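A.B. asks: how does the following fold in three dimensions:
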Amino acid sequence: MANDVQAFDVVVIGGGPGGYAAALYGAAAGLNVALVERDKVGGTCLHRGCVPAKEFLETAHVRRTLEHAGAFGFSTGAVKTDFAVSQARKNEIVDKLHKGVSGLLKGRKVTVFEGTARLDANQTVVVVDGADAGVVATGTNVILAAGSVPRTLPGFDVDGTIVLTSDEFLNLTSLPATAAVIGGGAIGSEFASMLCDMGTKVTILEGLPSILAGCDTEVATVVQRSFKKRGIDIVTSAKITGHTPGKKGGTTIHLDGADDVAVDMVVVSVGRRPRSESLLGEGTGVEINERGFVVADGFMRTANPNVFAVGDIVAGTPQLAHVGFAEAVVAIKTIIGESVVPVDYDRVPWAIYSNPEVAFCGLTEAAAKERGYDVVVKKDPFGGNSRAQIIGETDGVVKVIAEKRADGTAGQILGVHMAGPWVTEQLGAGYFAVNWEATAEEAAALIQPHPSLSETFGETLLALAGRGIHVG
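C.D. replies: Model prediction:
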């Protein structure tokens with residue numbers, strides 16, 4: 001029976017956010033869907049990425065709260081941390097969410113095969129290993145959602161003890177006294193922030209001139225200033241030549257033109273590569289670029305019109321779980337012939353859960369100018385926000401970029417960029433403003449509650465529209 005060919009409307013390869021979203025959305029539309037997953041549904045995001053990392057960052061937040069409880073009149077004494085408890089709590093959350101996704105797939109009658117899949121010609125999917133090895137399924141359409149894995153560095157062999165990627169880090173039950181994070185992007189900054197708040201002495205080694213290089217410069221500066229104030233050493237334009245493990249543990253990282261950095265642990269956070277090896281057989285008609293990403297158009301269709309791709313495996317897209325969700329909807333709607341608007345990657349929301357947090361959507365000031373826009377820019381620090389003062393977190397800024405009209409006033413909002421307390425939960429209004437192409441006046445007319453952190457966004461909009469109350 002294993003070699004019998006099973007036919008489906010859609011076969012999805014990969015059960016991460018993009019893959020399981022495509023399966024659930026397609027099943028909700030009445031399609032007969034199969035999903036092939038080599039590990040556990042939920043993918044990297046649920047099991048080795050977004051969700052576990054944010055649980056650890058919340059642990060760090062709780063520790064920060066306890067350490068500063070004296071300002072609120074509480075005497076807590078020395079804060080002791082058992083990181084194994086946080087690890088167990090993380091596993092409990094992940095398990096609960098995994099069961100939830102599995103239950104949804106079962107409830108919508110999605111056929112789930114366990115194993116690694118290969119796409120062959122004529123939309124034929126073969127399960128090559130795992131519990132369902134030998135299964136052959138055909139789809140009128142196939143969706144590739146094989147995801148990504150952490151990139152590594154030459155000379156830094158991952159051993160899970162001294163040299164780790166995010167995969168190994170998220171399984172730790174204790175934290176090192178000292179650590180180097182190689183890579184100062186979103187993931188690296190989150191790890192560095194969490195480690196620092198949990199008592200680890202941290203050094204960030206970033207090859208570019210600044211950490212958080214994709215963020216607006218002023219937002220990145222807020223984070224960098226906060227990191228340095230908390231004792232995180234930041235080495236930018238770093239040229240790493242290798243490392244020498246110590247005889248009693250730890251290692252020494254060597255830099256060209258800079259002092260060695262001796263640490264107990266190295267966390268390599270230099271991006272992720274697509275998991276496309278062995279994904280395609282002969283005659284699929286699917287194009288893979290020189291970096292291993294699947295090439296797809298705005299409707300997520302590959303060079304084979306019956307094969308689609310979503311998520312981290314797609315070329316030229318941000319590797320964000322919520323982007324995979326959106327792409328899944330686009331792919332399924334295209335398959336069933338419904339009208340759909342492609343994802344506008346310039347306007348997707350980004351959320352970085354470091355301390356301080358970062359959230360943004362739309363163009364940075366520099367990117368807007370590079371594209372030929374004349375711009376009007378307003379910004380407002382969180383220092384004057386009453387709620388920020390109440391909670392004791394005043395580091396941060398809201399910056400809004402709008403197109404300059406001929407009369408010099410602010411027109412369409414092009415970008416909203418935030419750093420500060422809970423900005424990942426505040427971006428919604430800015431995201432709507434950017435995606436609905438609102439003008440400064442239109443967005444400024446919306447009332448923000450008082451006292452709230454979101455008032456800073458509202459104040460910035462009022463100033464951008466021409467007359468601020470608290471902002472000049």
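A.B. asks: domains in the chain, by residue range?
C.D. replies: 5-149+273-345, 163-270, 356-464 (automatic domain parsing).
A.B. asks: could I get those domains as CSV with mean neighbour count and mean pLDDT?
C.D. replies: In this view, the C-beta of every residue, glycine as well, is placed from N, C-alpha and C. Formatted as CSV, those follow (neighbours: other CB atoms under 10 Å; pLDDT from 0 to 100):
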stretch, mean neighbour count, mean pLDDT
domain 5-149+273-345, 19, 95
domain 163-270, 19, 95
domain 356-464, 20, 96
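A.B. asks: residue 157: which of those is closest?
C.D. replies: Among the domains of the chain, the nearest to residue 157 by CB to CB is domain 163-270 (6.3 Å).
A.B. asks: could you tell me the end-to-end distance of the closest one?
C.D. replies: Terminal residues of domain 163-270 are spaced 13 Å apart (CA to CA, to the nearest Å).
A.B. asks: quick one: that domain to chain centroid distance?
C.D. replies: 18 Å (CA atoms, centre = their mean, to the nearest Å).
A.B. asks: which residues touch stretch 336-348?
C.D. replies: 29, 31, 298-299, 316-318, 320, 322-323, 326-327, 329-330, 333-334, 361-363, 431, 434-435 (CB atoms under 8 Å, 6 or more residues apart in numbering).
A.B. asks: strands - which of these land there?
C.D. replies: Taking DSSP state E as the definition of strands, the contacts of stretch 336-348 contribute 361, 362.
A.B. asks: show me the contacts of stretch 336-348 that map onto helices.
C.D. replies: 322, 323, 326, 327, 329, 330, 333, 334, 431, 434, 435 (DSSP state H).
A.B. asks: what's the helix or strand hosting residue 417 packed up against?
C.D. replies: Element membership for residue 417 (DSSP states H and E) is strand 410-420. Applying 3 or more CB pairs under 8 Å, 6 or more residues apart in numbering; DSSP states H and E, we find strand 410-420 packed against helix 217-229, strand 357-362, helix 365-370, strand 375-381, strand 397-404, helix 427-435, helix 440-444, helix 455-464.
A.B. asks: how does it look with 6 Å?
C.D. replies: Contacts defined by 3 or more CB pairs under 6 Å, 6 or more residues apart in numbering; DSSP states H and E place strand 410-420 against helix 217-229, strand 357-362, strand 397-404, helix 427-435.
A.B. asks: so which of those is nearest residue 53?
C.D. replies: The nearest among the helices and strands packed on strand 410-420, by CB to CB, is strand 357-362 at 13.1 Å.
A.B. asks: still on that earlier bit, the helices and strands packed on strand 410-420 into a markdown table, with extra columns for distance to residue 239?
C.D. replies: Formatted as a markdown table, the helices and strands packed on strand 410-420 follow (distance: least, CB to CB, whole Å):
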| stretch | distance to residue 239 |
| --- | --- |
| helix 217-229 | 19 |
| strand 357-362 | 26 |
| strand 397-404 | 31 |
| helix 427-435 | 35 |
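A.B. asks: out of those, which gets nearest to residue 458?
C.D. replies: Of the helices and strands packed on strand 410-420, nearest to residue 458 by CB to CB is helix 427-435, at 8.2 Å.
A.B. asks: what sits up against the closest one?
C.D. replies: If you take CB atoms under 6 Å, 6 or more residues apart in numbering as the criterion, helix 427-435 is touched by 347, 349, 359, 361, 362, 413, 416, 443.
A.B. asks: wait, isn't the second one in contact with residue 360?
C.D. replies: No - with contact defined as CB atoms under 6 Å, residue 349 and residue 360 do not form a contacting pair (7.6 Å).
A.B. asks: do you know how far residue 344 is from residue 207?
C.D. replies: 29 Å (CB to CB, to the nearest Å).
A.B. asks: just residue 170 next, same as before
C.D. replies: Counting by CB to CB - residue 170 and residue 207 are separated by 24 Å.
A.B. asks: same deal with residue 322?
C.D. replies: 27 Å.
A.B. asks: pick out the residue closest to the middle of the protein.
C.D. replies: residue 320 (4.4 Å; CA atoms, centre = their mean).
A.B. asks: once you drop chain neighbours, what's closest to it?
C.D. replies: Distance criterion CB to CB, 6 or more residues apart in numbering; nearest residue to residue 320, sequence neighbours excluded, is residue 348 at 6.7 Å.
A.B. asks: do you know the pLDDT at the one you found?
C.D. replies: Per-residue pLDDT puts residue 348 at 96.
A.B. asks: so how far is residue 314 from it?
C.D. replies: With CB to CB as the criterion, residue 348 and residue 314 are 13 Å apart.
A.B. asks: also residue 50?
C.D. replies: 18 Å.
A.B. asks: ditto for residue 35
C.D. replies: Residue 35 is 18 Å from residue 314, by CB to CB.
A.B. asks: one more: residue 433?
C.D. replies: Residue 433 is 27 Å from residue 314, by CB to CB.
A.B. asks: residue 16 now?
C.D. replies: For residue 16, the distance to residue 314 - CB to CB - is 12 Å.
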